[in-house]
Each structure stands twice: as structure tokens, then as C-alpha cells.
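Participant: Dropping a prediction and its sequence here:
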Amino acid sequence: MRGEAIFHEGDPPKGLLVVREGAVKIYKTGDGGREQILEIEGPGRAVAELPLFDGRPYPASCAAVHDSVLLVVRPRDFKELLEKHPELGHAVIASLAMRLRRMVMLVQELSLRDVRQRLLDLFDELAQGRESFELPFSHQDLAARIGTVREIVSRTLARLVQEGILRYESGTVTFLEPRKKSPRPRSVE
């Protein structure tokens with residue numbers, strides 16, 4: 001069910017979770033309740049591999065973004081699968097490496113790029129080369145995804161519309177001018 005918690009930071013591991021349908025978010029919550037989304041994973045993607053290797057609790061929380069169906073592979077079954085199918089271990093390592101690369105990029109984004117650029121970069125990612133796309137997140141979710149608060153996302157989005165960079169109507173974002181990738185990293189405001 002949308003918004004339903006799958007696990008919380010500090011919980012003992014349930015096993016390897018594979019998203020069959022829908023999408024889940026992996027996130028951290030700060031002391032004031034502010035949320036930072038680390039990943040959004042969709043169908044075919046595994047979640048929570050790390051605790052299967054180190055035996056420690058989940059380092060972040062996970063919740064359904066949409067109505068979702070997850071497959072759970074218990075830890076002992078996962079170990080048996082790894083022994084019988086070593087190529088699975090290589091796939092998990094590749095997945096963890098990709099996730100680590102994304103975490104490094106997230107640190108860079110949050111520390112070296114301003115909110116405006118992070119929002120435009122996220123829109124570029126969501127547009128997947130298209131001129132227009134349906135925004136799948138609320139302003140609160142956008143803020144959690146780019147490491148800021150809802151009010152700043154709303155102001156930044158309004159400013160981008162006012163400057164004629166994009167149009168935002170009925171949940172659809174349209175780029176009004178061709179996007180140029182800005183050099184990375186950029187200094188913070």
C-alpha cells in the first residue's frame with residue numbers, strides 16, 4: 001500500500017527484498033523529521049542487500065511509493081542461492097557498486113550544487129530526454145529527493161516558471177528552452 005513502511009532504520013534484516021510491482025523509497029529521517037530520499041527502486045530492483053552481508057540492522061528506512069508487491073528471500077535462502085549460483089553474487093556486487101556510486105553522487109550533489117541545479121538535474125532525469133513529463137512526486141517528495149524542504153522547492157519551481165525556463169501546469173513539467181548540462185560540481189549558494 002502506498003506510504004506503508006516496509007522496514008525502519010535499525011530493524012533486523014528480513015532478507016533480500018525484490019520489487020516485483022510498484023516502487024519503494026529508501027530514506028533517512030533527521031532529528032526534526034526531515035526526510036532525505038536515498039533511492040527510489042522500481043520493478044526488478046533489489047533492496048536491502050547490505051544487511052545480508054554484514055548481519056547488521058538496516059541503515060535506512062524503506063516505504064512504498066506506490067502500491068507495491070515485494071518478494072522476500074530469507075537470509076538463509078539467499079546464502080544457499082549464492083552457493084549454488086555464484087553469478088548471483090557477482091550481480092549483487094554490481095548492484096551494490098552502482099548504489100555506492102549513486103551515494104557518492106548524492107553527497108556531491110548535496111554538498112556542492114545549489115537547490116536550483118539539483119531540482120533541474122532531477123527534472124532532467126525524470127524527463128528521460130523528453131521535452132515534457134508528468135511529475136510523479138509531490139513537492140514534499142521532491143524536497144526529500146534533493147535534500148531540501150518543501151517551501152524551497154515550491155519557491156524554486158515558481159522562480160523557474162517565472163524566468164521562462166519551464167512551464168508547470170496540472171502536474172506536467174515542460175522545458176521551454178533546451179537543457180544544457182551544467183559542469184559538475186558547482187558551488188553552493
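Facilitator: Okay, I see it.

Participant: Buried residues in the helix or strand containing residue 105, which are they?
Facilitator: Here residue 105, judged by DSSP states H and E, is contained in helix 86-112. By 16 or more other C-beta atoms under 10 Å, the buried positions in helix 86-112 come out as 92, 99, 106, 109. (Glycine included, C-beta is placed from N, CA and C.)

Participant: ok, now stretch 58-70?
Facilitator: Those would be 58, 60, 61, 62, 63, 64, 65, 68, 70, for stretch 58-70 by 16+ other C-beta under 10 Å.

Participant: Now the residues you listed in CSV, please, with extra columns for distance to residue 84, pLDDT and secondary structure.
Facilitator: Listed next are these as CSV, based on distance: C-beta to C-beta, whole Å; pLDDT from 0 to 100; DSSP: H, G, I helix; E, B strand; the rest coil:
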residue, distance to residue 84, pLDDT, secondary structure
58, 26, 93, coil
60, 29, 93, coil
61, 32, 94, strand
62, 27, 95, strand
63, 32, 95, strand
64, 31, 94, strand
65, 33, 91, coil
68, 28, 93, coil
70, 23, 94, strand
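
Participant: what's the closest of those residues to residue 166?
Facilitator: Set against residue 166, the nearest of the buried residues of stretch 58-70 by C-beta to C-beta is residue 65 (23.3 Å).

Participant: What is the least confident helix or strand in the protein?
Facilitator: Taking mean pLDDT, DSSP states H and E as the measure, the helix or strand of the chain with the lowest value is helix 86-112, at a mean of 81.

Participant: separation between the residue positioned nearest the centre of the chain and residue 81?
Facilitator: Closest to where the C-alpha atoms of the chain average out (C-alpha atoms, centre = their mean) is residue 39, at 2.4 Å. According to C-beta to C-beta, to the nearest Å, residue 39 and residue 81 sit 23 Å apart.

Participant: ok, now residue 4?
Facilitator: 27 Å.

Participant: same question, residue 159
Facilitator: 50 Å.

Participant: Same question for residue 123.
Facilitator: Remark: distance between residue 123 and residue 81 (C-beta to C-beta) = 39 Å.

Participant: ok, these two, which is more surrounded?
Facilitator: It is residue 123, of residue 123 and residue 81, that has more neighbours when counted by other C-beta atoms under 10 Å, with 20 against 15.

Participant: wait, what's in contact with the more buried one?
Facilitator: By C-beta atoms under 8 Å, 6 or more residues apart in numbering, residue 123 lies in contact with 133, 166, 173, 175.

Participant: ok, back up a step: and the helix holding residue 105, what does it pack onto?
Facilitator: strand 35-41, helix 75-84, helix 115-127 (3 or more C-beta pairs under 8 Å, 6 or more residues apart in numbering; DSSP states H and E).

Participant: is it possible to export those to a markdown table including distance to residue 144 and mean pLDDT?
Facilitator: Compiled in a markdown table, the helices and strands packed on helix 86-112 are given as follows (distance: least, C-beta to C-beta, whole Å; pLDDT from 0 to 100):
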| stretch | distance to residue 144 | mean pLDDT |
| --- | --- | --- |
| strand 35-41 | 4 | 87 |
| helix 75-84 | 29 | 90 |
| helix 115-127 | 11 | 90 |
